[in-house]
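S.K.: take a look and give me a structure for this.
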Amino acid sequence: MPTNWKRSPEELHKIYLANTEAFYKTAGRGLAPQLDGFVRGCALSMWSRSGGITQNHVDAYNVLFSKGGTSPKWLLWQLTEEVCKVGDFMPPIFFWDLAEADAKRKTDTSRVFIRMMTNILLYLAAVDDDVTFDEAAYITDCTTRLTAICDSSRVKAGKPALNAADYVTSGEPSFKDKHPAQPGTSAPKQDAPPEAQPPQKTTEELLAELNDLVGLDEVKKDVNSLINLIKVRKLRQENGLPVTPMSLHLVFMGNPGTGKTTVARLLAQLYAGIGVLSKGQLVEVDRSGLVAGYVGQTALKTRETIQNALGGVLFIDEAYSLAMGGENDFGREAIDTILKAMEDHRDDLVVIVAGYDGPMETFLTSNPGLESRFNKYFYFPDYTGEQLYTIFQNQCQKNGYTLSQESEEKAKALFHHLYETRDENFGNGRAVRNLFEDMVMRQSDRVAAMEAPTKDDLMTFLPEDFEDAQ
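M.R.: As a prediction, the model looks like this:
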């Protein structure tokens, strides 16, 4: 047993692999994606109880992938923001399945999981060279709750997990206690790092994914027509036939949460799939990711963002904000830099500008170069009440939740009301996601108060979980 739990990110990655590999020998590799996500969630929740969030935490978080995949490249501000959002520990749904299988087969795979989690969490708690009392209490709570499930299922006893309290080295108060969130504040938006190159999918698979999206009938039709146009254009070129000039740059108009970023990400991959772009990544930014505060710095910042987007799509959200500051505003410099890049890299860069209808129309008429380069418009309507309910159902299914019959009726009525009473601040899909997250929190508070919650209790939303939903 080590006396010093702190390890470098590289060592931590090896330790994580060794621990998970030992677990997979008994449980199989089918749980790998769920396990990675669960460990990352536990890490965030535990670190909220540490004395502070440091670069060591960021480095540790970026290596938590059992398959050794590309690191997400999180930044310190991003991790700090996520740590502020997390709630208390809840046993994962798959653990109940493990315990039930163990009880039938007289095996102890679920108890192996507990020992593995305790070991990994202790290493993660020590990444800043300290293990606080609150971090140890979190690990103990995890172990206790998981063990209770094993005991209730009468899983074969195995070696006990380590006692996290034996490794406390610091009495620092938790991060949330030291830095309570202020009402109405949030972490500032920073440059968005380029996304990892998406897995290769066929054009047919990507179009099927697009067509499976809720609503957006006209957008789907426009995207399919655009792809067909590009395919035929390439065939004409290959056969020595003349082709008319065309721009692949697009304008997305619509309210927040209407699927603009999702469609942009699929388009980036579709463009790559048919050979228009070399990579197919999406780099999403807003004004803060392009404009600097000093003369001459905006062009440098914008060019760096463009460099990250080469071979893919540069998606500029709320693009109209670049032209709202007057003649001397640095946003104008960003626009000029983008227009030049669109010309210099016209064969391997696509720019999509997005925002509300009215401001976007004003933005596009603010510069002759914008009008000439952006001549294709996609309109994203608000989701109807029925579509909002479908999005909510998809969120529940994806995350392992179900609705009681009373909850179904309440959800349908709620989303119909949200649509009928919407205003210019209506969040569409974002409103659904926010409501779902709030319900998960309320359901977790309710279930955590139960003495012995069942698997159904963990999965089911009841009418009271909608309390205060607007």
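
S.K.: pull the number of nearby residues for the closest residue to residue 100 other than its chain neighbours.
M.R.: Leaving aside its sequence neighbours, residue 100 sits nearest to residue 153 (C-beta to C-beta, 6 or more residues apart in numbering; 6.0 Å). (Glycine included, C-beta is placed from N, CA and C.) For residue 153, the neighbour count with other C-beta atoms under 10 Å is 16.

S.K.: residues contacting residue 153?
M.R.: 99, 100, 102, 103, 110 (C-beta atoms under 8 Å, 6 or more residues apart in numbering).

S.K.: again, only this time at 7 Å
M.R.: 99, 100, 102, 103 (C-beta atoms under 7 Å, 6 or more residues apart in numbering).

S.K.: and if you look at residue 203?
M.R.: 270, 273, 274.

S.K.: do residue 247 as well
M.R.: Counted by C-beta under 7 Å, 6+ apart, residue 247 has contacts 373, 375, 376.

S.K.: next one: phi and psi at it?
M.R.: phi -110, psi 140 (degrees, to the nearest 10).

S.K.: again, but for residue 345
M.R.: phi -120, psi 40.

S.K.: with adjacent residues omitted, what lies nearest to it?
M.R.: residue 310 (6.0 Å).

S.K.: could you list the low-pLDDT ranges of this structure?
M.R.: Low-confidence segments of the chain (pLDDT under 70): 1-6, 65-73, 170-199, 294-296, 326-328, 468-470.

S.K.: okay, now the domains of it?
M.R.: 9-178, 203-380, 385-466 (automatic domain parsing).

S.K.: drop anything exposed from the contacts of residue 247.
M.R.: Neighbour counting by 16 or more other C-beta atoms under 10 Å classes residue 373 among those as buried.

S.K.: out of the contacts of residue 247, flag the one nearest to residue 215.
M.R.: residue 376 (20.2 Å; C-beta to C-beta).

S.K.: state the distance from the closest residue in space to that closest one that isn't next to it in sequence to residue 287.
M.R.: Spatial nearest neighbour of residue 376, chain neighbours left out: residue 250 (5.1 Å); criterion: C-beta to C-beta, 6+ apart. According to C-beta to C-beta, to the nearest Å, residue 250 stands 19 Å off from residue 287.

S.K.: of these two, who's got more company?
M.R.: Neighbours were counted for residue 250 and for residue 287 using other C-beta under 10 Å; residue 250 has more, 23 against 20.

S.K.: quick check: residue 354 is in a helix.
M.R.: No. Residue 354 is assigned strand when assessed by DSSP: H, G, I helix; E, B strand; the rest coil, not a helix.

S.K.: hmm, it is touching residue 319, no?
M.R.: Yes. With contacts counted by C-beta atoms under 7 Å, residue 354 reaches residue 319, the gap being 6.3 Å.

S.K.: look at those two and report which has more neighbours.
M.R.: residue 319 (29 against 26).

S.K.: show me what contacts the nearest residue to residue 135 once chain neighbours are set aside?
M.R.: Excluding its sequence neighbours, the residue lying closest to residue 135 (C-beta to C-beta, 6+ apart) is residue 125, at 4.3 Å. With contact taken as C-beta under 7 Å, 6+ apart, residue 125 is in contact with 46, 131, 135, 139.

S.K.: rerun at 8 Å
M.R.: Residue 125 neighbours (C-beta under 8 Å, 6+ apart): 5, 46, 50, 131, 132, 135, 136, 139, 164, 167.

S.K.: now residue 88
M.R.: 45, 444, 448.

S.K.: measure it to residue 139 for me?
M.R.: 13 Å.

S.K.: now do residue 277
M.R.: 46 Å.

S.K.: of these two, which one has the most company?
M.R.: Neighbours were counted for residue 277 and for residue 139 using other C-beta under 10 Å; residue 139 has more, 28 against 24.

S.K.: would you check that that one makes contact with residue 115?
M.R.: No. With contact defined as C-beta atoms under 8 Å, residue 139 does not count as touching residue 115 (11.8 Å).

S.K.: which residues in the stretch 1-150 of the chain form helices?
M.R.: 9-27, 32-47, 55-61, 76-85, 93-105, 109-125, 133-153 (DSSP state H, counting those that start in this stretch).

S.K.: what's the answer for the stretch 351-470 of the chain, then?
M.R.: Counting by DSSP H, counting those that start in this stretch, the helices of the stretch 351-470 of the chain are 357-364, 368-373, 385-398, 405-420, 429-448, 455-459.

S.K.: would you map the strands across the stretch 201-350 of the chain?
M.R.: For the stretch 201-350 of the chain, the strands defined by DSSP state E, counting those that start in this stretch cover 250-254, 282-285, 313-316, 350-355.

S.K.: now tabulate those in CSV and tack on distance to residue 92.
M.R.: Shown next, in CSV, are the strands of the stretch 201-350 of the chain (distance: least, C-beta to C-beta, whole Å):
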stretch, distance to residue 92
strand 250-254, 36
strand 282-285, 30
strand 313-316, 33
strand 350-355, 36
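
S.K.: nearest to residue 305, out of these?
M.R.: The nearest among those, by C-beta to C-beta, is strand 282-285 at 5.7 Å.

S.K.: tell me what that closest one is packed against?
M.R.: In terms of contacts (3 or more C-beta pairs under 8 Å, 6 or more residues apart in numbering; DSSP states H and E), strand 282-285 is packed against helix 260-273, helix 297-309, strand 313-316.

S.K.: now for these, which one comes closest to residue 437?
M.R.: Using C-beta to C-beta, the nearest of the helices and strands packed on strand 282-285 to residue 437 is helix 260-273, at 17.9 Å.

S.K.: point out the most buried one among the helices and strands packed on strand 282-285.
M.R.: strand 313-316 (a mean of 27; mean count of other C-beta atoms under 10 Å).

S.K.: pull the CA atoms of that strand into PDB?
M.R.: Extracted in PDB, the C-alpha atoms of strand 313-316 (Å, rounded to 0.1, in the frame of the first residue of the first chain):
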ATOM      1  CA  VAL A 313     -16.000  24.600 -39.600                       C
ATOM      2  CA  LEU A 314     -15.600  27.800 -37.600                       C
ATOM      3  CA  PHE A 315     -18.900  28.300 -35.900                       C
ATOM      4  CA  ILE A 316     -19.400  31.900 -34.600                       C
END
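
S.K.: show me how far that strand is from its chain's centre.
M.R.: Relative to its chain's centre, strand 313-316 lies at 17 Å (C-alpha atoms, centre = their mean, to the nearest Å).

S.K.: report all helices and strands that it contacts.
M.R.: helix 260-273, strand 282-285, strand 350-355.

S.K.: may I see those arranged in CSV, with distance to residue 216 as well?
M.R.: Listed next are those as CSV, based on distance: least, C-beta to C-beta, whole Å:
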stretch, distance to residue 216
helix 260-273, 7
strand 282-285, 17
strand 350-355, 14
